[in-house]
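Q: okay, here's the prediction I keep looking at, along with the sequence it came from:
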Amino acid sequence: MPGPLEGLRVIDFGQFLAGPFGPMLLGDLGADVIKVEPTRGDGMRASVVGSFMGCQRGKRDIAIDLKQPDGLRIALDLVAGADMVHHNMTLGTADRLGIGYEQCRAVRPDILYCNTFMYGAAGPLAHMGGLDPLGQAASGIEWEQGPVAAGNPPMWHRYGHGDVAAAMPSVTALLIALHHREQTGEGQFMWTSIFHGSMLYTADSWLDPDGRPSPRPTLDREQLGLGALYRLYETQDGWLQLAAVEEEHWSALCRAIEADHLLDDDRFTTPAGRRTHRDDLTALLAARFMDDLAVNWRRSLRRAGVPVEISADTWDGETILFDEDLVRLGLVAEYHHPLLGRVRQFGNLISFSDTPGRQERAAPLLGQHTREILSELGYEEPAVSDLAARGIVSWPADDYPFPV
């Protein structure tokens, strides 16, 4: 079934994760996303295959050398027939290539144009590029997650927190700008940044008039939680995440784990006492949770109304990924990849009742749809073969050299 953005066309000039992730989400919602890729390939194809697969599905791919005049002409022809342009080039790079906002606006006056930067479009760092870990460092995520104050080193998150946090506002911005265009007929330029996206994760921090930082919950030295009742605990066969944040959860927890004596312990009768004696309570609960399996604790605690979940390393992810009902509803995406075969991954982030859409197109091979897209632009043989012979465009060879 069509998605809610059916009929919308997006030109994706981005590479790595921060650029392509936003257009992929628009494609998930039904937009026709054309990935314009250098003939040498997206830099992430050969380095991080899993991440590449996680931000490219649903797109059609054309491989073009933008540095050649005929290649640039093809790219601008695509822009002329599109609604949106999205990329993550450093400040000024798109202009030098000939696909900056003003150049795209010249061929499509109402174009909606979004650029995701490292630090933003203004300020002393505007011209600097960078990757997700820089945003994590500059925003304080790595310091807090250490936790450095407890004597640990900073921690680098393996996942692209800032990349995704920058991409999501870019999707929101483009859709808001689309609404504005429908009202006024005007296109516009917009931007997001990895740095600003990373700061979303520290949104609970602030400074008072004297420059003192706001009080914030702190991780324990083991980096397992923010308190004895909001923490990971090891069990006989894996890890359990406890989130007993309400006062009624405390008594329910004690009874569910058959530790009623803790209710009468003067150290733990109040929330303040439990915070003060956090280490003592943590040690008692840690010893108790080692007495049984994670699934048994989850069953008894949930029955008692205590929020709890088994950590992902304990339960089998295939329970979800191979649930046919979830595939049918689009909550799990399934498609065939020409090199990897059958692929499943996360599906719809938003579920629509009447226009659900489906993710049925795998991440494209480099130039997989070059000839198809050129045909749509009016190119015929032998012109297409001539473009390929001159290295202006390319499509997959039989001995495809890229991992995906």
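A: Looks like it came in fine. Numbers count the residues shown, from 1 in each chain.

Q: OK, contacts around Y119?
A: L125, A126, M128, G130, S193, I194, F195 (C-beta atoms under 8 Å, 6 or more residues apart in numbering). Backbone N, C-alpha and C define where each C-beta goes, glycine included.

Q: apply 6 Å and report the result again.
A: L125, M128, S193, F195 (C-beta atoms under 6 Å, 6 or more residues apart in numbering).

Q: try Q56
A: Taking C-beta under 6 Å, 6+ apart, one finds P20, A363 in contact with Q56.

Q: low-confidence stretches in the stretch 51-200 of the chain?
A: For the stretch 51-200 of the chain, no stretch has pLDDT under 70.

Q: now I34, what's its secondary structure?
A: strand (DSSP: H, G, I helix; E, B strand; the rest coil).

Q: report the rounded mean pLDDT for stretch 218-228.
A: On average, the pLDDT along stretch 218-228 is 92.

Q: neighbour-wise, give me the winner out of the contacts of Y119.
A: For the contacts of Y119, the largest neighbour count, defined by other C-beta atoms under 10 Å, is 27 neighbours, found at S193.

Q: verify the contact between that one and C114 for me.
A: No. Using C-beta atoms under 6 Å, S193 is not in contact with C114, being 11.4 Å away.

Q: for the contacts of Y119, which one is nearest I257?
A: F195 (43.4 Å; C-beta to C-beta).

Q: in contact with that closest one, which residues?
A: Here F195 is in contact with Y119, G135, A138 (C-beta under 6 Å, 6+ apart).

Q: rerun that using 7 Å as the cut-off
A: By C-beta atoms under 7 Å, 6 or more residues apart in numbering, the residues touching F195 are M118, Y119, G120, G135, A138, S139.

Q: tell me the most packed of those residues, by neighbour count.
A: Top of these by neighbour count (other C-beta under 10 Å): G135, with 28 neighbours.

Q: for the strand or helix carrying it, packing partners?
A: Assigned by DSSP states H and E, G135 belongs to helix 132-139. Counting contacts by 3 or more C-beta pairs under 7 Å, 6 or more residues apart in numbering; DSSP states H and E, helix 132-139 packs against helix 161-184, helix 194-199.

Q: got the domain ranges for the chain?
A: 9-200+320-394, 225-310 (automatic domain parsing).

Q: now do the end-to-end distance for the longest one.
A: The first and final residues of domain 9-200+320-394 sit 22 Å from each other (C-alpha to C-alpha, to the nearest Å).

Q: and what of the last one?
A: According to C-alpha to C-alpha, domain 225-310 extends 15 Å from its N-terminal end residue to its C-terminal end residue.

Q: same check, this time on stretch 21-35
A: Terminal-residue distance, stretch 21-35 (C-alpha to C-alpha): 11 Å.

Q: fine by me, we can end here.
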